[in-house]
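Colleague: Any chance you could fold what I've pasted below:
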Amino acid sequence: MAEVKDVKDKSRFELEEGGGVSFADYRRAPGLIAILHVETPPALRGRGIAGRLMDGVVAIARAEGAKIRPICPYAAAYLRRRPDGAALTA
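Modeller: Sure, this is the predicted structure:
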């Protein structure tokens, strides 16, 4: 499985999978990662790639001790579906 990368100079997390790059644009503050927009190339949608991208974002946030503020509707829905979503959300 591919790894989610923090591309700091673009302020986004990226996941290369299925021949394309899915990404989550973010803004950071101390202890906080605001997810502004999540996008998967149209040809790759419906394969669970955005969910795997968000799984990686959660892992990074946990490793940093940060909370996630979901500005993007997809990120908000993803966190609502997780049993631990409320604990992760700022």
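
Colleague: Going by C-alpha atoms from here, please, whenever you check contacts or count neighbours.
Modeller: Will do.

Colleague: distance between whichever strand or helix holds residue 23 and the chain's centre?
Modeller: Assigned by DSSP states H and E, residue 23 falls within strand 20-29. Centroid separation for strand 20-29 versus its chain: 6 Å, with CA atoms, centre = their mean, to the nearest Å.

Colleague: what do you get for stretch 8-26?
Modeller: Stretch 8-26 sits 9 Å away from the centroid of its parent chain (CA atoms, centre = their mean).

Colleague: confidence score at residue 80?
Modeller: Listed pLDDT for residue 80 reads 96.

Colleague: what about it, how many neighbours?
Modeller: 14 (other CA atoms under 10 Å).

Colleague: That one sits in which helix or strand?
Modeller: Per DSSP H and E, residue 80 falls inside helix 73-81.

Colleague: same for that helix, what does it pack against?
Modeller: Packing contacts for helix 73-81, counted by 3 or more CA pairs under 8 Å, 6 or more residues apart in numbering; DSSP states H and E, involve strand 32-39, helix 49-64, helix 85-88.
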